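[1] below: sequence and its predicted model.
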Amino acid sequence: MRLHLHLLSDSTGETLENIAKAALAQYDDVETIRHFWPMVRTEAHLERILQEIAQNPGLVIFTLVNSTTRRTLEARCRALGLPAVAPLDAVNDALSGLLGQQAKARPGRQHVLDEAYFDRVEAIQFTMAHDDGINWENWEAADIVLAGVSRSSKTPTSIYLANRGYRTANIPIVVESPPPTLLYTLKNPLVVGLTTSADRLIQVRRNRLLSLNQAPETDYVDQEAVTREVAYARRMFADNGWPVIDVTRRSIEETAAAIIALVQERRGEQGGE
């Protein structure tokens, strides 16, 4: 069974992510496609997310304290016939009754506003501004640059890494459109190639096309074309000596953990020089 899970937070989303992970652990044989939306604090941002939710209907879980933003989300989810769950409501209601006071509606109040917190916020902002090859001129300021063919989990992995404080950019590898030459000369960021099996990639892409009501039979999902595309990316990774992670059987968390280990190993080696 496939499930689109939309996680919306007005802060870094760590609490929400842990709640969702704990709940999903109770179910077997569920293919979960996570859409993670941190720092949702404006109507304009929410509107863009709602368009994605409409295209990929599923369960919506949120921690939004702004009443206007929250009402908009709940109303649109009702119109779409989708469940929208605020997991902290029951806890806040119980605490409010016991303590005799209302909760203070402040986004991310549980996070201490220390240097690490602001580093995470900066990383999230940087990552969202450098998705899918955008602003490639600033890649040298990144901690990590992810490269991979379309639908190889680059964006969700980038957001997850940003939530851990790593400024992450990503670039799609397209046979007909080579990436900027800057990618091959980067000194500061660690460039990591993400790859997957052609069969798995075709399945993910076909589901994506169906969700968008687009023609399911194109070169985008053609076996020969996709196999050639994956092979092209893998040759590029090998030619440049970039570490490669196969995401075929990895969750976003597992992929991110492997990348973080590579970054820490690299920093350790540089520190010892």
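    Structure received. Residues are numbered from 1 along each chain as shown.
[2] where's residue 184 relative to residue 152, distance?
    19 Å (Cβ to Cβ, to the nearest Å). In short, each C-beta sits where N, CA and C put it, glycine included.
[3] out of the two, which sits in the more crowded spot?
    More crowded of residue 184 and residue 152, by other Cβ atoms under 10 Å: residue 152, with 27 against 12.
[4] give me the nearest residue to that one, chain neighbours excluded.
    Leaving aside its chain neighbours, residue 152 sits nearest to residue 194 (4.6 Å; criterion: Cβ to Cβ, 6 or more residues apart in numbering).
[5] work out for me the element that neighbour sits within.
    Take DSSP states H and E as the rule and residue 194 turns out to sit in strand 190-195.
[6] contact partners for the residue positioned nearest the centre of the chain?
    Closest to where the C-alpha atoms of the chain average out (Cα atoms, centre = their mean) is residue 156, at 2.0 Å. Applying Cβ atoms under 8 Å, 6 or more residues apart in numbering to residue 156 gives the contacts 34-36, 252.
[7] ok, now with 6 Å
    Each residue near residue 156 by Cβ atoms under 6 Å, 6 or more residues apart in numbering is listed here: residue 252.
[8] likewise for the one 3 residues further on?
    Under the criterion of Cβ under 6 Å, 6+ apart, the contact partners of residue 159 comprise residue 36.
[9] which helix or which strand is home to it?
    Here residue 159 is assigned to helix 154-163, by DSSP H and E.
[10] can you give the strand pairings for whatever helix or strand comes next after that helix, parallel or anti for each?
    Going down the chain from helix 154-163, the next helix or strand is strand 168-172, by DSSP H and E. Applying DSSP bridges, strand 168-172 is found paired with strand 144-148 (parallel).
[11] pull the least confident helix or strand in the chain by mean pLDDT out as CSV, backbone CA atoms only.
    Scoring the helices and strands of the chain by mean pLDDT, DSSP states H and E places helix 89-99 at the bottom, with a mean of 78. C-alpha atoms of helix 89-99 as CSV (Å, rounded to 0.1, in the frame of the first residue of the first chain):
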residue,chain,number,x,y,z
ASP,A,89,-3.8,19.3,20.4
ALA,A,90,-4.8,16.6,22.9
VAL,A,91,-1.6,17.1,24.9
ASN,A,92,-2.1,20.9,25.0
ASP,A,93,-5.8,20.6,25.9
ALA,A,94,-4.9,18.3,28.9
LEU,A,95,-2.1,20.6,30.0
SER,A,96,-4.3,23.7,29.7
GLY,A,97,-6.9,22.1,31.9
LEU,A,98,-4.4,20.9,34.6
LEU,A,99,-2.4,24.2,34.6
